[in-house]
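*Asks:* This is a predicted model, with the sequence first.
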2 protein chains.
Amino acid sequence: MRIHKHVEMPEDVFPIDDWELIQCQFDPHRVAETETIFALSNGYLGTRGGHEEGRPSNDDGTLINGFFEYRPIVYPEEAYGFPRMGQTIIYVPEGKIIRLYVDDEPVDLATSEILSYRRSLDMRAGVLRRDVCFLTTRGKRVQVTSTRLVSLRRRHLLATSYEVRLPDEGADIDICSELVCLQPDGEPVSADPRKAPLFSHQVLEREHAAAEGLRSIQCYRTQLSQFRVACGMDHFLETACEHDISAQPRDDGHAVLIHAKAEAGSTIRLSKYLTYFSSQTADVAELCGRVEVTLARARRSGCARLEAEQRVVMDRFWHDSNVEVGGVDPRAQQVIHWNLFQLLQASARVEGHSIAARGLTGRVYEGHYFWDAEVYDLPFLTYTAPRIARSILRHRYAQLDKARDRAKELSHRGALFPWRTINGEEASTFFLAGTAQYHINASIMYALKKYVDIAGDDDFLFEVGAETYVETARLWLSLGCRPDTAPDSFYINGVTGPDEYTALVNNNFFTNAMARDNLRNACAVLARMERERPEAFAGLVAKVDLQDDEREAWREAAEQMFLPYDEALGIHLQDDSFTSKERWNLEEMGEDKFPLLLHFHYLEIYRHQVIKQADTILAMFLLGHEFTLEQKRRNFAYYDPLTTGDSSLSACIQAIVAAEIGEIERARAYLRYAAAMDLGDVAGNVVDGAHLASIGGTWMALVYGFAGLRDYGGEISFSPRLAEGWRYLRFPLTIRGQTLTVDLRPGEATYALRTGAGLTILHEGNAIELLQGRPVCLPITAATTATA
Amino acid sequence: MRIHKHVEMPEDVFPIDDWELIQCQFDPHRVAETETIFALSNGYLGTRGGHEEGRPSNDDGTLINGFFEYRPIVYPEEAYGFPRMGQTIIYVPEGKIIRLYVDDEPVDLATSEILSYRRSLDMRAGVLRRDVCFLTTRGKRVQVTSTRLVSLRRRHLLATSYEVRLPDEGADIDICSELVCLQPDGEPVSADPRKAPLFSHQVLEREHAAAEGLRSIQCYRTQLSQFRVACGMDHFLETACEHDISAQPRDDGHAVLIHAKAEAGSTIRLSKYLTYFSSQTADVAELCGRVEVTLARARRSGCARLEAEQRVVMDRFWHDSNVEVGGVDPRAQQVIHWNLFQLLQASARVEGHSIAARGLTGRVYEGHYFWDAEVYDLPFLTYTAPRIARSILRHRYAQLDKARDRAKELSHRGALFPWRTINGEEASTFFLAGTAQYHINASIMYALKKYVDIAGDDDFLFEVGAETYVETARLWLSLGCRPDTAPDSFYINGVTGPDEYTALVNNNFFTNAMARDNLRNACAVLARMERERPEAFAGLVAKVDLQDDEREAWREAAEQMFLPYDEALGIHLQDDSFTSKERWNLEEMGEDKFPLLLHFHYLEIYRHQVIKQADTILAMFLLGHEFTLEQKRRNFAYYDPLTTGDSSLSACIQAIVAAEIGEIERARAYLRYAAAMDLGDVAGNVVDGAHLASIGGTWMALVYGFAGLRDYGGEISFSPRLAEGWRYLRFPLTIRGQTLTVDLRPGEATYALRTGAGLTILHEGNAIELLQGRPVCLPITAATTATA
């Protein structure tokens, strides 16, 4: 166990509140991180938490999910099959900015004296509020109150209510509201491999710009990806002050200027509506037309109605998804709510896209989708918003043809999904920790199976899943081999598993076990389909040209799949050669040497037993039904001390398995680590965006870890293990259309069917029949004390 | 055995001649390859074989060994320890060009009608001659005769004698002789990882340019590496024709214009002298002064004397180095002479530098030094020009401090030599086939030991070798480990061996065996030094801070060095997991799929048993004394069918081991493949330069392969095995200052000591005492017929 950093949030700056994330002192050193933690998003449109006045700013901007520019990739040494075109998410024109001048003096947080400051992300309301009182150099107090929301109901809309008040003295007020293209970034200088490449030129080419009164509509196009974005802003001004309005066309967009002569005590309230539409096919007129409609509707509705709508969606979300905890850590509920809120923000209106590694809270990882979405975020969505889970899985399916092309390019049969991508094309430039991670294919199918099992969506299974099963099974069969030295074993050589501190190995246990699961399920699904939906099956056979002997070959490969095991140590081997390497003694390492990847050459890392993220341990969780508790214990005891925590995908999984084997305090430590990844800035890079995998993993650590949910094949079981001092852990789950609430307290678990006709679950191995309106309360027998 | 390409040289174009490489028809499609095979060089200054008139040209240019510009390396995904600055050899200003106009019409091979053409690389004279008769559009014959040499005696000098004759009719003749900077290359577009990155901007900044009469002196500087090159041209004109001369300053350099009114039958003879000096420290005036002196001396000497000097050097070279063969292939002697001539050209005046992978015949691989120099070229030099071998080894030693820095950067002790470099800094950008090839450290020490043993140069051993032994031994000790699973074995994990089609493996047999040799020799050398030169030893101990326990640790690591072996197959394993991979059936592959690296992803290649170049087989040769003939046979039988021949470093080694195990016809086929690498364009890329490793390997294949020389530890033994039909194989060797000639004929071997006091050698295992003037003739008992 290595949990190297505990950043506490100082209570005087970030007071504890279950439902709000509050910052009550402005701190210029926290500008960067608060841009991330106060970001707003609806899964389609996201904006970082920069301040309206535009200053100070670290890397403020607005993102549209999937809106990318191609970026030619140049390798210092080229090779066959290396991706030639990268995809990089780019900031769309920025429209949050409302600059304020009082008596010609710019008023903002960077330069003005601040008398009071309070910013709050209201997670029940789904809005970001800010209340600042400035003092001008001439001694006038200026009260600025703003509310910002990215609408969950209206996918393309961002709205800001901005109110300026002069409590003491009158002044000349100028407000400059912008919708402009951000300046391009300079050349990247970071040696951090996790940083996104940036563009040093203006990627957006203007195709249209028109302004009239308080409204501006603009349209841009990317040069290589040929994405078009139309955006617009409109305003509604409420004030009794004498004022005039003018539009200012600029090279980089438009500004609307409002000049007002404000009396003492008077108020100027500006409602600003921003909207974005993007498309690779729609023309300028069509896109701008959509912008006009959305703006007009928003202006008609007004900010108050938008906030009310938002509240309705939020209420529904918390009803379906809230996890309530009561325990020793008073900040726990706030942190958990923030994590859940991020899951909503990343997914709510994701339609037709997936969830990027940092959601829409930052540009790091280029807005790419990894396996993070399927393995770390889909469990939550599957249990709380199955419609969204389905949409994300369908998005993968839409990329199946590109995966087929990629498989062919790499001499494989079937389909090879990209390690990182937006549009389905492989965009990984470091193949050892990219293309070599073949396991993503099995992980996608694992997530699909879970969705199908939990949602009971057989139509999806047969329409989308079956074809993908065929192509992934084909991939595994062509990837593996039976070497001369072990003719009855199926080996998968030359891959990288989840642990990126070990690369290019033979028989990565996780990969092989997951591939076996993939192959077996492919056989099972096709068998069921042939039986239950013969016509659809015949159609599939024709479509994918399924040969008679293929299924038998998959079955045989699964049977013969080699899973490396060390008899002497009694553990599963992370790969064939893992234990023949030198152990890296993490205990002796200085904290300044983490993450290792920034301080050691990959070769030095690779030649040691050292782990970036749960690998064999992840298999112990995902395929837990295949292993005994004792095996899990031994594996955990061996691998956990070698795990660095250098990946944000690890602690949540370690928490789950630690909980299962009874190491509750360790599980709690890992849960804390995962949950505080962003708010505690555990990895030191929250400035770059929120860690969506760890965020989804936090839910998993609570539900799979402490409530002990297991669900392989759709069979729901619980083995709750509350940590010492926890008073309760409560959450709802949606299972095949029914809603189950789980309420755990020290020594007892209550299961209630909120809706639905009846559900069988297991509690500590015993089957329980649940009927609506008849909660069942059962004792928890598992130990709740620490074992390590 | 896979020998996929036999390009025959058509006799009507390239007639057979033992001492000249002749091209007697001009062929525009052979412009690129003839720029390589007709290149001239002295190891310091090299120039590709472009035509004087400048057209047609593929990639003509002139190179100075070690004259490079830094090139920032940008990785699509950065990581710790990746080299940030590349070094790329660049063309110096080009001065070979002498443009010819007859009656205002440009006369050159690209546009003019050619009545006759003959070009000849005279390898006895060390000059390139050309004789062309053009026909102008107005029907006049123009006879052009030129001789070019890069002086072996005068390191900085290139001279051309250029003669124009009008046999039939008079004409206006204009000659434009240039010394100008070449235009920069465009962006590279190749997906071939072996291609050098090019610069798209003019790298040379002019600091000085002065012209007077027929002379021009210029000085340039590179921007990042701060290399200065001063260059100059001067001319001597001999003609009875009325003429005038003018200098033409140009943005890119200077031209000298000669206008002559030529009568029928008259001759214009222009001698052009070109000289280059480069330095990172000397200033403009100093360098230009050197140019002046050299030009003046050359002009005083005249071309005839330069040719005579050249002949003296050449005679000496052939006396010391010639390998004579008589056999069934009538072109064999010509091809062998060409290969030997290239070794001379790459090394003669290399002082202070090493030998680049393509010598000075092309820019591919950026003019970098690899292990090729030590392993493939140094054996020849050690036995024929020990002074040059010593210089190249001293050049490595001069880079020891940078190797120490690199080791530290990679968390190692000791010194880590770069995989590819000019100035000692690692410039490999693909670490799997670069930095991971740790074996280069042992290979350097192996070459050093051979030089010391054969030259008997103990001073060099103790002054240079001992310190390098200490630092390389330290490297191995810190690189390896004793894993928990095998606490008494010394493992070297996570490396790449010579075979670049297998990467990042544990216990590469070649690496471990060579490291063991390195460690053992380090102990032996230090023990001897302590005994024989106690003062020098004390100085070394202080200099490198040698600790008491270090040598014991090296000895123990050597003793415990793990050499993977497969009992069932009875072979040494190329690495721990080599045989657990799928075999790649090369027999079934289409010829268009080679080299594999251009048609398959590295991952696909790595996961198969497929070999780019001799790896375990190379160990069977280099460390042949440690293995039985039967082991060599079994290893060869296993690995040879898996070897693609995709590397030019392989066939020569396969030839040597094939010969040793009695597979003579196979050995002959590999010898042919190696010897014809460039003249037969076996790899299809002779356009990019001559393959110096294969060239040195050709000598090795003859001497180590067919004459069966073995020399580990300085003990000289021969086990000759002439191939069927060979009439003789003769060559001299310089051993500890004595000259031995070996003369092999069918059934008998004659050893003669040309100079020296006496030498003991082994013939077929029997010790023979040789004395000067007393040749010994012995029967050859080995089979000479094919076994496969």
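*Replies:* Yes, it's here. Numbers count the residues shown, from 1 in each chain, chains lettered A, B, ... in the order given.
*Asks:* Could you use CA atoms for every contact and neighbour count after this?
*Replies:* Will do.
*Asks:* Which residue would you name as the spatial centre of chain A?
*Replies:* A:Leu692 (2.9 Å; C-alpha atoms, centre = their mean).
*Asks:* Might one say that that one is in contact with A:Phe380?
*Replies:* No - here A:Leu692 does not reach A:Phe380: they are 11.7 Å apart, not a contact under C-alpha atoms under 8 Å.
*Asks:* phi, psi of the residue nearest to the centre of chain A?
*Replies:* phi -60, psi -30 (degrees, to the nearest 10).
*Asks:* any low-confidence regions in chain A?
*Replies:* A:1-7, A:186-191, A:193-197, A:783-788 (pLDDT under 70).
*Asks:* mind redoing it with 90?
*Replies:* A:1-10, A:182-201, A:327-329, A:585, A:587-591, A:645, A:682-684, A:782-788 (pLDDT under 90).
*Asks:* Helix or strand next in line after the longest helix seen in it, which one?
*Replies:* Identified as the longest helix of chain A according to DSSP state H is helix A:284-321. Using DSSP states H and E, the helix or strand that follows helix A:284-321 in sequence is strand A:324-326.
*Asks:* Run through the neighbouring helices and strands of that next one.
*Replies:* helix A:332-347, strand A:728-735 (3 or more C-alpha pairs under 8 Å, 6 or more residues apart in numbering or on different chains; DSSP states H and E).
*Asks:* how about a cut-off of 6 Å?
*Replies:* strand A:728-735 (3 or more C-alpha pairs under 6 Å, 6 or more residues apart in numbering or on different chains; DSSP states H and E).
*Asks:* got the angle between the strand it packs on and helix A:284-321?
*Replies:* If you take axes from the mean of the first three to the mean of the last three C-alpha atoms, to 10 degrees, strand A:728-735 sits at 130 degrees to helix A:284-321.
*Asks:* Give the buried residues for strand A:728-735.
*Replies:* A:728-735 (16 or more other C-alpha atoms under 10 Å in any protein chain shown).
*Asks:* ok now that strand, how far from the chain's centre?
*Replies:* Relative to its chain's centre, strand A:728-735 lies at 21 Å (C-alpha atoms, centre = their mean, to the nearest Å).
*Asks:* Can you tell me what sits against it?
*Replies:* The contact list for strand A:728-735 (C-alpha atoms under 6 Å, 6 or more residues apart in numbering or on different chains) reads A:322-326, A:383-384, A:454-455, A:739-745.
*Asks:* again with stretch A:689-696
*Replies:* Contacts of stretch A:689-696 (C-alpha under 6 Å, 6+ apart): A:36, A:339, A:357-358, A:361-362, A:372, A:376-377, A:648-649, A:674, A:678.
*Asks:* Repeat the analysis, applying 8 Å as the threshold.
*Replies:* By C-alpha atoms under 8 Å, 6 or more residues apart in numbering or on different chains, the surrounding residues in contact with stretch A:689-696 are A:36-37, A:339-340, A:342-343, A:356-364, A:372-373, A:376-380, A:648-652, A:674-675, A:677-678.
*Asks:* Now, of these, which are buried?
*Replies:* A:36-37, A:339-340, A:342-343, A:356-364, A:372-373, A:376-380, A:648-652, A:674-675, A:677-678.
*Asks:* filter those down to the ones close to chain B.
*Replies:* For chain B, no contacts are drawn from the buried ones among the contacts of stretch A:689-696 by C-alpha under 8 Å from any C-alpha of the partner chain.
*Asks:* Point out the residues in the stretch 301-450 of chain A that sit beside chain B.
*Replies:* A:410-411, A:429-430, A:436.
*Asks:* Turn those into TSV, including secondary structure and neighbour count.
*Replies:* Formatted as TSV, those follow (DSSP: H, G, I helix; E, B strand; the rest coil; neighbours: other C-alpha atoms under 10 Å in any protein chain shown):
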residue	secondary structure	neighbour count
A:Leu410	coil	20
A:Ser411	coil	16
A:Thr429	coil	23
A:Phe430	coil	18
A:Ala436	coil	23
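*Asks:* Show me which of those is closest to B:Ala389.
*Replies:* A:Phe430 (39.3 Å; C-alpha to C-alpha).
*Asks:* how about the nearest residue to that closest one, chain neighbours excluded?
*Replies:* Once flanking residues are discounted, A:Phe430 sits nearest to B:Glu77: 6.4 Å by C-alpha to C-alpha, 6 or more residues apart in numbering or on different chains.
*Asks:* any idea how far that neighbour lies from A:Val203?
*Replies:* 21 Å (C-alpha to C-alpha, to the nearest Å).
*Asks:* So between these two, which is more surrounded?
*Replies:* Here B:Glu77 and A:Val203 are compared on neighbour count by other C-alpha atoms under 10 Å in any protein chain shown; more neighbours surround A:Val203, at 21 against 17.
*Asks:* Name whatever forms a beta bridge with the closest residue to the more buried one other than its chain neighbours.
*Replies:* Distances taken as C-alpha to C-alpha, 6+ apart place A:Thr222 nearest to A:Val203, at 5.7 Å, with adjacent residues excluded. As for beta bridges, A:Thr222 partners with A:Leu204 under DSSP bridges.
*Asks:* I figured A:Thr222 hits A:Glu205, correct?
*Replies:* Yes - counting by C-alpha under 8 Å, A:Glu205 is a contact partner of A:Thr222 at 6.2 Å.
*Asks:* Same drill for the two, tell me which one is more crowded.
*Replies:* Set side by side, A:Thr222 and A:Glu205 show more neighbours around A:Thr222, with 20 against 13, by other C-alpha under 10 Å.
*Asks:* how near is that one to A:Leu381?
*Replies:* Taking C-alpha to C-alpha, one finds A:Thr222 at 32 Å from A:Leu381.
*Asks:* wait, doesn't A:Ala110 sit right on A:Glu53?
*Replies:* No - contact criterion C-alpha under 8 Å: A:Ala110 and A:Glu53 do not qualify, at 9.3 Å.
*Asks:* The residue lying closest to A:Tyr101 once chain neighbours are set aside and chain B: what is the separation?
*Replies:* Using C-alpha to C-alpha, 6+ apart and skipping the chain neighbours, the partner closest in space to A:Tyr101 is A:Asp174 (4.9 Å). A:Asp174 sits 45 Å away from chain B, taking C-alpha to the nearest C-alpha, to the nearest Å as the criterion.
*Asks:* try A:Arg299
*Replies:* 45 Å.
*Asks:* residue contacts, whichever residue of the stretch 201-350 of chain A sits closest to chain B?
*Replies:* The nearest approach of the stretch 201-350 of chain A to chain B comes at A:His201, 17.4 Å away (C-alpha to the nearest C-alpha). Going by C-alpha under 8 Å, 6+ apart, A:His201 touches A:184-185.
*Asks:* helix/strand/coil for it?
*Replies:* Judged by DSSP: H, G, I helix; E, B strand; the rest coil, the three-state class of A:His201 is coil.
*Asks:* ok, it to B:Phe578 distance?
*Replies:* Counting by C-alpha to C-alpha, the gap from A:His201 to B:Phe578 is 48 Å.
*Asks:* from what I can see A:Leu149 touches A:Ala159, true?
*Replies:* Yes - the pair A:Leu149 and A:Ala159 passes the contact test of C-alpha under 8 Å, sitting 5.5 Å apart.
*Asks:* quick one on the thing from earlier: can you pick out the residue with more neighbours from A:Ala110 and A:Glu53?
*Replies:* Neighbour totals were compared for A:Ala110 and A:Glu53, and A:Glu53 leads with 21 against 16 (other C-alpha under 10 Å).
*Asks:* thinking A:Leu306 is in contact with A:Ser151, fair?
*Replies:* Yes - in this structure A:Leu306 lies within contact range of A:Ser151 using C-alpha under 8 Å: 7.3 Å.
*Asks:* Next, the contact list for A:Tyr469, please.
*Replies:* Neighbours of A:Tyr469 in contact, by C-alpha under 8 Å, 6+ apart: A:445, A:518-519, A:521-522.
*Asks:* distance of it from A:Glu559?
*Replies:* 17 Å.
*Asks:* How far does stretch A:587-607 sit from its chain's centre?
*Replies:* With C-alpha atoms, centre = their mean, you get 27 Å for stretch A:587-607.
*Asks:* Thank you kindly, that will do.
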